[in-house]
Each structure stands twice: as structure tokens, then as C-alpha cells.
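In: Pasting the sequence and the predicted model now:
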Amino acid sequence: MLRFGKILTILICISILTSSISSYADEEIEDLIDIFETDSKIIAIVEGKKTITSDLRPKENVVWHESNGYLGAFLTEKRFFVISTSSDAWQALPLRLDESKKGVVSLSPNIALLVTGERVIAFDTASNRFIETQLPIHDELLKAKAEDHVAVVITSSRAFALAARNSSFIEFPLRARETVKEIKITSSKATVRTSDRLLTFNVEGSTWKEHRF
């Protein structure tokens, strides 16, 4: 009977620990925004209740659009539009000439990411605003991906990461002749294996860490 009581206590403790899931744990998030376009407008229906529109300029063509979780986004030849479930209007970031043609876009339930030949741009649901940083000149883009709570961009000379709720990208330089071998990005962390070392970024610490071989 005493042994059974100990086992029961252990099972209860395990149950409590299991139920104390981190806020960054994987979870399936329902798409809460429906988006579509007409000849002159982009339209978002938020949670099936609120309709929000924005006018397109004459001859402003949509080149990409998607909705995911708490976000909806449009990329045109002239602007990057994003809206969240807590927004009262579409947020629009002007783009430079031909910038959208080089754009790589990734949308997670919490972060919209756009990488052009000149800069990295993100929009997250916590701040409802655009955050950007410049790319090194002549760098090759190796990876650009937004997951639930983190956005990561890897170039031939830099690693950039943005944790949801943060106000800026965290940058980490790569060494001369250091080559990237493998990149893995999950909902809350990034791992980059290079020829020299292992780099990790976790949203809870919001910093790149170096692990030497």
C-alpha cells in the first residue's frame, strides 16, 4: 500500500510537470484571418467578424499573399502589407524599386518575414509593427524562415534572428572562410552548424550562443 502511494505521488508529479507546458511549446493555431483581393482593394476578414480593407494604387500588382494563424499578408510590387487579429487596419511598408522581385517571404502564425536583396523585414503580433535591419552588401542568402515564435535569416556572412516580442534582430557574424553546413529552425529556436562550430538561438534567451567543436 505504501509503495502504491509512492507510485501515485510520482504519477501526480509527472502529470503536473506535463501540464506546465512552456508558452513556446508547439501548438496548432487555427487560421483566424481570411484574406482576398479585388481589382483595387485587399480585404481581411478577422475571426469571421470584422472586415478591414486597404486600397491598392493604380497598377499595383499583388505578387504573393497568405494567411496563417494570427496574421495575413500581401506583397505587391510597391508595398508589404500585414494585418493581425489585434490590428484595426492593414499595416503597409513601402518598398524600393524592384525590391519585391528579389523578395523571399515566410509567414508563421505570429511573424511575417520578408527578405529582399537589401534588408530583412519582420512584423510580429506582439508589437504590431515592422522591424528591419540591413543585409551585408553582396551576401548570399542561405535561409529565411519564420516559425511560431522566431524568424531566422542566414546569409554567407551573418546569422540574424528575431524572437517574438523583441524589438530588434540579433545578429551574429560568421568568420572568413567559415561555411554553413546545416540549418535547423523550430518553433522557438534555431541551430546552425558550420565548418567551425555550432550556433544556437533560443527565444527565451534571445541571444546567439557559440558551441565550439
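Out: Here it is on my side, so go on.

In: May I have the phi/psi pair for the spatially most central residue of the chain?
Out: The centroid of the chain falls nearest to Ala146 when counting by C-alpha atoms, centre = their mean (3.0 Å). Here is the backbone geometry of Ala146 (degrees, to the nearest 10): phi -110, psi 130.

In: Show me the beta-bridge partners of it.
Out: Using DSSP bridges, the bridge partners assigned to Ala146 are Ala151.

In: Cross-check the contact I'm expecting between it and Ser108.
Out: Yes - assessed by C-beta atoms under 8 Å, Ala146 is found in contact with Ser108 at 4.1 Å. Using the backbone N, CA and C atoms, a C-beta is placed for each residue, glycine as well.

In: got any ranges where the chain has weak pLDDT?
Out: Residues of the chain that meet the criterion pLDDT under 70 lie in 1-28.

In: make it 50
Out: Counting by pLDDT under 50, the chain contains low-confidence ranges at 1-2, 4-25.

In: For it, which segments are assigned as helices?
Out: Ranges of helices within the chain are 2-19, based on DSSP state H.

In: residues in contact with the residue nearest to the centre of the chain?
Out: Applying C-beta atoms under 8 Å, 6 or more residues apart in numbering, we find Ala146 in contact with Ser106, Leu107, Ser108, Ile111, Ala112, Leu113, Ala122, Val152.

In: which residues does the closest residue to Asp34 other than its chain neighbours bridge with?
Out: Excluding its sequence neighbours, the residue lying closest to Asp34 (C-beta to C-beta, 6 or more residues apart in numbering) is Ile45, at 4.5 Å. Legend: beta-bridge partners of Ile45 under DSSP bridges are Asp34, Thr51.

In: Tell me how many other residues crowd Ile45.
Out: By the criterion of other C-beta atoms under 10 Å, Ile45 has 16 neighbours.

In: Distance check, it against Ile33.
Out: 7 Å (C-beta to C-beta, to the nearest Å).
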